[in-house]
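**Q** build me a model from this:
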Amino acid sequence: MGEFKVHRVRFFEYMPSPIRAMAFNSRTDRLAVARGDGAVEIFNFADNYFQEKVIPGQDSRAVEALCWVGQRLFSAGLNGEITEYDLENLRPKYTVMAYGGPAWTLSMSTECFLCQVGCEDGTVKMFEILEERIQFQRNHDRQKGRIISLSWHPSGTHIAAGMMGMIRIFETETGSPANKEVVVWSVAFLSDHTVISGDSAGKVQVWDGFTGTLIKTHLITKWDVLALSDQSSLVAGTSEGTVTQFQFLPLIVGQQDKEWVRTRTFKNHSHDVRALAHTETAVVSGGMDTQLVVQPLLDRVEKNTQESALRKIAFPHRSLVCCAKKSGLLLFQFPEHLELWRLGESDGHGKPGDSLPVRKKPEKLIHLKRKGEDHICCSALSPCGGWLAYTTVSSVRLYRLQYNNNSISIKKLPKLPKELCSAHQLCFSSDSSKLFASSKHSSVIVVALGQSECKYLHTLKPKSGYGTTEQPVHLLFVSEDSKWLAAANTGCEIHIYNLNKLKLHCTVPVYSSCPTAIAIHPVTSNLVTVHANQQIFEYSLAQKEYTEWSRKLQKQGLHNLWLERDTPITHISFNPNNQAHIILHDMFMLCIIDQSLPLPDRKTLLYNQMTLRSVPESERLRHSHAFKICKNFQHLLCVSTLEDQALVVVERPLLDIMSQLPAPVRQKKFAT
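**A** As a prediction, this is how the structure comes out:
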C-alpha cells in the first residue's frame, strides 16, 4: 500500500493555561471559558463541543469572572477593568474601570439589565447595561474585606455577596446590607431566597436568606470549596479536584418536605476546580489542570448513549504548528513567542515499524518573542521557509528569513500595507509569492511578496446577503497550484476564491456543523472538509458539486465508532505517492482514507489494522476497507507531508515523563 519515512516530533512543549472562570449561555448553547493568561474561548455545545472561537490573552489582563447577557459576553479581572468582547472580530470591544481595585467577581441580572462587580476595596459597584456600553450607577455600602463572590436573586431585588468573613445580602435599590457570619469563597442565591455558601473549611452551607439562620451544613472536603453553580441541582467544586452534586429531594418518599441532599461526587481533576457551569444535561468543570470536563448528570440523560459519556477537552481545536513542506522546517506557536526548528535527518533504511538511526538531530533556529502585551493570535511559515508572519489583535508582523550555510538571519519588514492591520488567520501560497490574511466580515486580504518587500493586491469578499458573513474566518487553505483559496468561517460557510481572477468562485452548500479542517487535493482540486460532528465531504471545485465518492459516503453513512469520537479532526493532507489517500488526524488518532477501497459498513470492524497483520497477505485486500486508522498517539497536534514524501508527526510530550523520553526526534518507517 506504500510507506512513509516518519519524523516523530516530540519537542513542542505546549502547555495550556489553567481555567479561571466559565459562563454558559443556555439560549445559544455556548460556553465561555477564561484562562489564566487572559485568553477567552467559546465552545459550541450544540456542535459536538467544538471550540469555535478564541480571543487571545494579554499580559495585563487577568480574568476572574465571566457573564453572558443575551449574546454579549462580559468579564472582570484583577486589573480592575470590566470588559465586553467583540465576538465577531475576536478582541475586547471596550473596557471600563471599576475604580475599586482588582475586580474579583461579576454577576448580571438579565431581568433589569444591571451588572454588579465585587472589588478589592470592599465595594459592590452597580453598572447599567446599555445597548453599546455599560454605565456606572452607584456603589453599595463599603465593607471591610474584599468582595470575592456575588449571586443575584432571580427576582433582581437582592444580591448576596461573599467575603473573607461573612455573607452580605444587599437590597439592590437601597444598597443596605445584612450580616451572616461565615467564611465564604463562593455563593449562590436561589429563587426561594435560600443562600448556598462554600467556604474555606470545606463546607457547603444552606442559609435562610430572610432571617440569616443556618439550615444545613455539608462537610464535603478538608480543603476549600472554590466554586458553586446552581440550576435544578447544585454542584460544588473543591481544591482537591472533586465536584459534588446536591439535589433538592424529599427525605422520605411521598412527603412534600424537601432539603438539599448530597447525591454524587466526581473526581475528574487532579488540582483545584476553579470554575463550574451547568447545562441542561451536564455539569462542566475546569481548573488548574487546564482541562475542561463535561460530566453528564445521569438523572437527566439516557444511559449508554453518546450524550451520557464523560468528555475531557484538553487542547485547542486549532493548529499551533506550521510545517514548511519544501524546507523541512517547523514553526511552533506559543502565546508569548514563536519557535522555528529544523527537522533531523537519517540515512538509515529498514522495514515498517523500525526506528531509524538519527544522523543529524533537530535544531532550534529561532526563538522570536512577540512585541507588546497582546498574545499571538495566529502564525504562518511559507513553504520555502523564507517568510514568517504572526498576528495579534492589534498588529501583523512579517519577517524575511535568509539561510547561509549554518547561519540564519531574520529581518522584520518595517512597512506593511495599511490594509494588513490585523487578521484572524494567515497562510502563504505554495510558491511563497503571496500572503493571505483573513479580515473583517469574512474577507481575505491578498499581499504580494517581493525579495524584501510586500504590496497590497486585493481584498477577496463573499457575496453580500449571506446571514453569517459577519463571523470570523477560522480556516484558510491554498491549493498546491496556487489557483484556489478556501476560507471557512464559524458561521459554517466555506467560500472558494479563484486566485487567478481574484474573485469569488463559489460558496460550498452550507452544512449545519462547523468545519474543523479543510484541504484542497493537489491533483483533483477537490475540496475535502471534516466537520465538528465528524462528517466528511468532498466537493469538486471544477463542477461546483459534491463528488460521487462523497455522495456514496453520505448515502451509506459513516461507521458509528467514527461518529462517536469526541475529538475533532484538526488537519487534512494527502499522500503524494497515491492520490486516492487522504490523511487526517485528531488528538489521538491518525487515519488514512483510501478512496480506492470499499467503505466500512456498520457491521465492519473499524479499527482493523492490527487484525490485518495476522491475515495472510493474499487475504488482506478482501478484509480491508477505506479507513486505515492508527491509534498509538497521545496529544497529536499536526501531521503533514514533506516534499521528499516523508511524514511529519508532531506530538505534545507528556511533560510529567519528559525526563524519561529518548532523543526528541525518532524517525520510523510507517506502513500505510
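**Q** for the stretch 201-350 of the chain, which spans come out with low pLDDT?
**A** Across the stretch 201-350 of the chain, the ranges flagged by pLDDT under 70 are 231-232, 254, 303-307, 348.
**Q** where do the strands sit along it?
**A** 203-208, 214-219, 225-230, 233-238, 242-250, 258-267, 273-278, 282-287, 292-296, 311-313, 321-324, 329-333, 337-342 (DSSP state E, counting those that start in this stretch).
**Q** paired strands for the last one, with orientation please.
**A** Applying DSSP bridges to the sheet, strand 337-342 is found paired with strand 329-333 (antiparallel), strand 363-369 (antiparallel).
**Q** how far off centre is it?
**A** Here strand 337-342 is found 22 Å from its chain centre; the criterion is CA atoms, centre = their mean, to the nearest Å.
**Q** which residues sit against it?
**A** Strand 337-342 has contacts (CB atoms under 8 Å, 6 or more residues apart in numbering) with 11, 328-332, 362-370, 376, 379, 381, 388, 390, 401. Just so you know, the C-beta spots here come from the backbone N, C-alpha and C atoms, and that holds for glycine as well.
**Q** now do stretch 328-345: distance from first to last residue.
**A** Taking CA to CA, to the nearest Å, the first and last residues of stretch 328-345 lie 10 Å apart.
**Q** ok, now stretch 610-622?
**A** 15 Å.
**Q** coming back round to it: now mean neighbour count and distance to residue 168 too, for the strands of the stretch 201-350 of the chain, in TSV please.
**A** TSV is the format used below for the strands of the stretch 201-350 of the chain (neighbours: other CB atoms under 10 Å; distance: least, CB to CB, whole Å):
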stretch	mean neighbour count	distance to residue 168
strand 203-208	20	12
strand 214-219	14	16
strand 225-230	23	16
strand 233-238	26	21
strand 242-250	18	23
strand 258-267	14	22
strand 273-278	24	22
strand 282-287	26	27
strand 292-296	21	32
strand 311-313	19	36
strand 321-324	24	50
strand 329-333	24	45
strand 337-342	19	44
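**Q** and of these, who's closest to residue 52?
**A** Shortest separation from residue 52 across these is recorded for strand 311-313, at 12.6 Å, computed as CB to CB.
**Q** counting contacts, what elements does that closest one pack onto?
**A** The helices and strands touching strand 311-313, judged by 3 or more CB pairs under 8 Å, 6 or more residues apart in numbering; DSSP states H and E, are strand 292-296.
**Q** just to revisit the earlier point, and residue 186, which of the strands of the stretch 201-350 of the chain is closest to it?
**A** strand 225-230 (4.3 Å).
**Q** partner strands of the closest one, parallel or antiparallel?
**A** strand 233-238 (antiparallel).
**Q** ok, residues contacting the partner strand?
**A** Contacts of strand 233-238 from elsewhere in the structure, counted by CB under 8 Å, 6+ apart, are 186, 188, 196, 198, 202, 204, 220-221, 223-229, 243-248, 260, 263, 272-276, 278, 283, 285, 287, 297.
**Q** also stretch 252-261?
**A** By CB under 8 Å, 6+ apart, stretch 252-261 touches 196, 206, 215, 216, 218, 234, 246, 247, 248, 249, 250, 251.
**Q** a markdown table please, covering the residues you listed and showing distance to residue 130.
**A** Listed next are the contacts of stretch 252-261 as a markdown table, based on distance: CB to CB, whole Å:
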| residue | distance to residue 130 |
| --- | --- |
| 196 | 32 |
| 206 | 37 |
| 215 | 39 |
| 216 | 41 |
| 218 | 41 |
| 234 | 33 |
| 246 | 37 |
| 247 | 39 |
| 248 | 37 |
| 249 | 42 |
| 250 | 45 |
| 251 | 47 |
